[in-house]
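Colleague: Model the following, please.
(3 chains, ligands or ions: 2)
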Amino acid sequence: MKRIGNRTASDPAAERYRAGVLKYAQMGYWDSGYRPKDTDVLAMFRITPQEGVDANEAAAAVAGESSTATWTVVWTDRLTACDRYRAKAYKVEPVPGAPGQYFAYIAYDLDLFEPGSVANLTASIIGNVFGFKPLKALRLEDMRFPVAYVKTFAGPATGIIVERERLDKFGRPLLGATVKPKLGLSGKNYGRVVYEALQGGLDFTKDDENINSQPFMHWRDRFLNCMEAVNRAQAVSGEVKGHYLNVTAATMEDMYERAAFARDLGSVIVMIDLVIGYTAIQSMARWARKNDMILHLHRAGHGTYTRQKNHGVSFRVIAKWMRLAGVDHLHAGTIVGKLEGDPNTVQGFYNVLREPHNPVDLQRGIFFEQDWAGLGGIMPVASGGIHAGQMHQLLTYLGDDTVLQFGGGTIGHPMGISAGATANRVALEAMVLARNEGRDIWREGPAILSEAARHCTPLRAALDTWGEVTFDYASTDTPDFVPTPTAAA
Amino acid sequence: MRLTQGTFSFLPDLTDAQISSQIEYCLQRGWAVSVEHTEDPHPRNTYWEMYGNPMFDLKDAAGIMREVDECRRTFPNRYIKVNAFDSTRGIESLRLSFIVARPQEEPGFELLREEGPGREVRYSMRSYATRRPEGHRY
Amino acid sequence: MNSVLKHTDAFNLEAAFRDSHVADVLEQLESELVGLAPVKTRIRDICALLLVDTLRKQAGLSTEALSLHMSFTGNPGTGKTTVALRMAEILHRLGYVRKGHMVAVTRDDLVGQYIGHTAPKTREVLKRAMGGVLFIDEAYYLYRPENERDYGQEAIEILLQEMENHRDDLVVILAGYEDRMDRFFRSNPGMSSRIAHHIAFPDYTAAELLAIADLMLDQMQYSLSAEARTALEEYIERRQTMPHFANARSIRNALDRARLRQASRLFNRRDASLARNDLMTIEAADIRASRVFAETPPPGRQGELQP
Ligand SMILES: Nc1ncnc2c1ncn2[C@@H]1O[C@H](COP(=O)(O)OP(=O)(O)OP(=O)(O)O)[C@@H](O)[C@H]1O
Ligand SMILES: [Mg+2]
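Modeller: Numbering: from 1, shown residues only, chains lettered A, B, ... in the order given. Ligands and ions are numbered 1, 2, ... in the order given. This is a model prediction of the structure:
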C-alpha cells in the first residue's frame, strides 16, 4: 500500500483526508493504547499476512474492512463521529508455534450493530474481509459480546432447563438416533425405525439434514408416520418422546407451514439446518419460542469454513452466534466419534453453549470472558460414530447436559433397532449410576458396562460388536495453547 | 408394561443401598431431596403428591431413606420417586429424579386417536389405572 | 457366632489406631483443652472400645451393637460443647458415625407450639443430625412435669425411639448442669437407660483456669506482663467465688475485656510510637480495672459482671 499526498502541519483530521490512500494503521484502525470498553464487541482473528505485510497493518486492515473503512479515504467520513465507529485493532501477538500467523484483537463500538440481529453482526464481522488480498488467510477465532448486546437477543427458544422440565428427564444425557438410511425410506418404513428406536429406550430420533420432501417421501407423510411412532412409543413407555422433524425448506413460508403441522400433531421438537441462513434461523427460533417447541439445529455445511485452522470461522464463534440466535440443540462434536474433534476444543464449544458464564480458557480455545446475561443454554448434541462401548468416555468428556446420538449404534445393532436402543439406554443409566456412586468410570468403564450387560443381552451384543471400534485420527482444529494436542481417546 | 420415567428405569429396581448412594451424591452437591408419590403416572402429570417438603441441609442419606421407607409403607402400591433440587443460578430445577418404588402391576397407557381432515390425528393417552377413582387404582 | 476365631491370626491394634487417624484428634484434645483429665480418660476408653470392636469384627467375634449416646454434665463453661464437637470428629474417624458433623439444639428447636408441631420439628432435627452427633444443650428443659400438656414429652419419646432403633445413624449427647440432669434422668428412666456414657465435667482449678487463659492468649497472639499475670491470678481467685461464674467462659470474657482496655490505653497515648510488643502485651492495669477488684460487687446485679 502506498501513500500519496504531502503532509503539512495542520489539523490532523483535515490532514488525514488530504492523504488519498493511507495505511489502515494510520487511518486509526490500529491503536495499541486502546483499552476495550465493557460495551465493545470484541473479536479475535488469526491472521496470516502476505509476505512483506506488517502484522499490525494487516490487523488494522481487518479492523477497517470489518467496520467503516474502504481502500481510500473519503471526505464523507468527516460528516460522522468516525473515531468512534472505526474498529480498533488493539493487540497483535504471534501465534505460538505457528510462524507467520498472528492473533489480532479488534474492538468494535456497540453502535456499529443493529440490536438483536445475527445477520447484521455477521455482515460486519465476516462480511467483507475474508477475501482481502493482503492476507493469505484469515480465521475468526473468538468473539466477546457485551451484556448490553446479549440482552438484545432472546436466546434459545427453550433452553436446557426448560427442555428437561418439559421432557421430564433429569440427571443423565438424553439419547437420540438419526434414522438411517438417510434417504430412500418410504414414510411407513421410516416411521417404523422411529417407533423401534423410541420404544427401545431412546428419548429422541432425528431426521437427517437432507431429508426434506423428496419423491420417495413427502414431508407430510414423514410427519404423520413419525408422530404415530412417537405417540405409540410414549404409550408403551409412559415417557415423553420426540422426533426432530426437519422443517428445512425452500422458503420461510414452507418452513412455517411444516413447523405448524408438526406442532399440531403434538411434536415437542422441530429441526432446521444451518444452511437456511442466520435470518431464517432467528425467525424459526422466534416461532419455536412462541409455540413452545424445542428447536434443533443441524450444523449442515459448517465444515466448509470451521475445519481449517488458518482460514474461516471457528465453530466456537458459530456456537456463540447460535446461542444469540436462539436454537436449543446444536451438534458440537463427540471427541470420540468419527467426526473432527479435539477434546479440549470440543469442551470449549460445549462450555460456550451451556455455561452461564465463560472465563478465559486458552487451553479450550476460549480467548474472551463471556457473560451470557441469563440467556438460556443450548443442549450440545454429540453424534457421528459413537456407540455404547464408549459411554464412560462420553459421560466423562461431555457431562450430563448433552444429547448423545447413536445412529449406527442403534439401527445397526445385530439384534435389531429396539435392542440397539435398549443397549444404549442401559449402558447410559448404568454409567450414570456408577459415576454418582463415586466410581472412577474413566478407568472402570468397561467393567461397569460388562456388569450391566449381565442383565441386558442387547448391551452384551453391542459391546461384542463395537467394543473395539475407535476413530483415532489427529484433529485439525486444535487449541494453540496446549503444548501437545490431545489425541481422541 | 414398565414405566420408564426417571433416571434409572432401565436398570433392575435399585436396592436400598443403591438408592442411598444416589441420595448421598445429591447431598454432597448441596441439593435438596424430596420424595413424591402418585397413582397417575401420565408423563404430563408434573405434580406428583409430595411426601413432605424437600429436605434441606441434610448431611446424610439416612434421614431421606427414612422418608422413602415411610412413604413405601404408607403407599405400598404406588409409584414413588426421589427428586433432587439444585438452587444454583441458571439451574434452579431438578438435577436427578428416579423411581424407587412402583406398583406390582403396571397396566400401562391407552393411546387415543382422534382423526381429523387430511389424515391429521390428535393423540392423547390415558393410564388404564386412572379409570378407577383415586385411592383404588393399583 | 463366635466360632470363626482363629487363634493363629494376629490382630494389630496399633495399625488399626494408625489407620483411623484418630490420634490427631486426641492430640488436639490434649493440647487445646487444659485439664479435664477424667473426660479425656473416658474418651480414650471409648476410642479403645471402638478399635477393639473393629478388630473383633475382623476376627469374626460377636460384637454387640454399641450404644454411644452420652450425657455431659457440668457447670457452665467447663467445655461440654467443645468436647462434643471433638467427639463427633473422633467417632467419625473411628467409623462409628458416617459424617462427623454436630447439630447443636435446645428445647426450642425440638418442641413445637401446638398439636402436631413437635413431631415434624424433632424429626427434621434428627434428619439433619444423621450421620453425626445431635447435641442437646440443657436437655432437662425438654421435660416440664409442671405442665401436663407439655409437648416436650413428645419430643423425648421420638428421641428415645431414634436412640434405640437407629444407633448407627446418629449419636445423641445430652448436656446440662449436673443436678438438673440428675433430676431429669430420675424422672425419665427410659432416657437414662439409653445413655451409655455419663461424663462429668469438673470445675477447673485456679491453676487450670490460668493455663486456659495462657492458651487463649497464645491463640490470639497476646501475652501477659509479669505483673498482669499476678493480677490475673488474683482476678481468678476472686471471680471463682462470685455469682455467675462460668469457668473457662468467664476467662474468655475477662480476656476480651482486658483487650478492650489495652486498646483504649494505647489509644490514649497514640502520639507515642508503639513497638510490636506493646501491641501484644496486656498490662496489670488492663486487668485490675475490672469490677471484680472492687471491694464488693454492686448489689442486685444479674448476669456476667461488666467492666
Ligand atoms: N479445658 C479447656 N481448655 C481450653 N479452653 C476451654 C476449656 N474448656 C472450655 N474452654 C473454652 O471455654 C469456652 C466455653 O466452653 P464450652 O462452650 O465448651 O463450655 P460448655 O460447658 O458447653 O458451657 P455451657 O454449658 O455454658 O454451654 C470455649 O471458648 C472453650 O473453647
Ligand atoms: Mg455449651
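
Colleague: Could you check which residue of the stretch 151-300 of chain C lies nearest chain B?
Modeller: C:D169 (4.4 Å; Cβ to the nearest Cβ). The C-beta positions use only the backbone N, C-alpha and C, and glycine is treated the same way.

Colleague: Chain neighbours aside, what residue packs nearest to that residue?
Modeller: B:A62 (4.4 Å; Cβ to Cβ, 6 or more residues apart in numbering or on different chains).

Colleague: returning to what we had before: is the residue of the stretch 151-300 of chain C closest to chain B within a helix or a strand, and which one?
Modeller: Using DSSP states H and E, C:D169 sits in no helix or strand.

Colleague: and it, what does it touch?
Modeller: Neighbouring residues of C:D169 by Cβ atoms under 8 Å, 6 or more residues apart in numbering or on different chains: B:D60, B:A62, B:G63, C:M130, C:G131, C:E162.

Colleague: Residue of the stretch 201-350 of chain A closest to ligand 1, please.
Modeller: A:Q347 (47.7 Å; Cβ to the nearest ligand atom).

Colleague: quick one: which of the contacts of C:D169 has the most company?
Modeller: C:M130 (27 neighbours; other Cβ atoms under 10 Å in any protein chain shown).

Colleague: distance of that residue from C:V97?
Modeller: C:M130 is 9 Å from C:V97, where distance means Cβ to Cβ, to the nearest Å.

Colleague: show me where chain C has helices.
Modeller: In chain C, the helices defined using DSSP state H lie at C:13-20, C:22-32, C:37-58, C:80-93, C:107-110, C:118-129, C:152-165, C:178-187, C:189-194, C:206-220, C:226-240, C:247-268, C:276-280, C:284-288.

Colleague: er, the stretch 201-350 of chain A I mean
Modeller: For the stretch 201-350 of chain A, helices defined by DSSP state H, counting those that start in this stretch occupy the ranges A:219-237, A:252-264, A:278-290, A:303-306, A:315-325, A:343-354.

Colleague: Redo the helices of chain C as JSON lines? Include distance to chain B and mean pLDDT.
Modeller: What follows is the helices of chain C, written out as JSON lines (distance: least, Cβ to the nearest Cβ, whole Å; pLDDT from 0 to 100):
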{"stretch": "helix C:13-20", "distance to chain B": "20", "mean pLDDT": "85"}
{"stretch": "helix C:22-32", "distance to chain B": "19", "mean pLDDT": "89"}
{"stretch": "helix C:37-58", "distance to chain B": "19", "mean pLDDT": "91"}
{"stretch": "helix C:80-93", "distance to chain B": "11", "mean pLDDT": "94"}
{"stretch": "helix C:107-110", "distance to chain B": "13", "mean pLDDT": "96"}
{"stretch": "helix C:118-129", "distance to chain B": "3", "mean pLDDT": "95"}
{"stretch": "helix C:152-165", "distance to chain B": "10", "mean pLDDT": "93"}
{"stretch": "helix C:178-187", "distance to chain B": "26", "mean pLDDT": "94"}
{"stretch": "helix C:189-194", "distance to chain B": "19", "mean pLDDT": "92"}
{"stretch": "helix C:206-220", "distance to chain B": "28", "mean pLDDT": "95"}
{"stretch": "helix C:226-240", "distance to chain B": "39", "mean pLDDT": "95"}
{"stretch": "helix C:247-268", "distance to chain B": "28", "mean pLDDT": "95"}
{"stretch": "helix C:276-280", "distance to chain B": "40", "mean pLDDT": "93"}
{"stretch": "helix C:284-288", "distance to chain B": "42", "mean pLDDT": "95"}
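
Colleague: Please identify which of those helices is closest to chain A.
Modeller: That would be helix C:80-93 among the helices of chain C, by Cβ to the nearest Cβ, at 17.7 Å.

Colleague: how far off helix C:13-20 does the closest one point, in degrees?
Modeller: Helix C:80-93 runs at 110 degrees relative to helix C:13-20, counting by axes from the mean of the first three to the mean of the last three Cα atoms, to 10 degrees.

Colleague: Which strands or helices does helix C:80-93 pack on?
Modeller: Applying 3 or more Cβ pairs under 8 Å, 6 or more residues apart in numbering or on different chains; DSSP states H and E, one finds that helix C:80-93 contacts helix C:22-32, helix C:37-58, strand C:70-74, strand C:102-105, strand C:133-137, strand C:171-176.

Colleague: thinking again about what came up before, please enumerate the shared neighbours of C:M130 and C:V97.
Modeller: In contact with both C:M130 and C:V97: C:L170, using Cβ under 8 Å, 6+ apart.

Colleague: So which residue is smack in the middle of chain B?
Modeller: B:K81 (3.5 Å; Cα atoms, centre = their mean).

Colleague: Are we agreed that it is in a helix?
Modeller: No: counting by DSSP: H, G, I helix; E, B strand; the rest coil, B:K81 is not found in a helix; it is strand.

Colleague: Next up, the contacts around the residue of the stretch 201-350 of chain A found nearest chain C.
Modeller: Proximity of the stretch 201-350 of chain A to chain C (Cβ to the nearest Cβ) peaks at A:G238, 31.2 Å away. By Cβ under 8 Å, 6+ apart, the contact set of A:G238 is B:M1, B:L3, B:T4, B:Q5, B:P41, B:H42, B:P43, B:G108, B:F109, B:S127.
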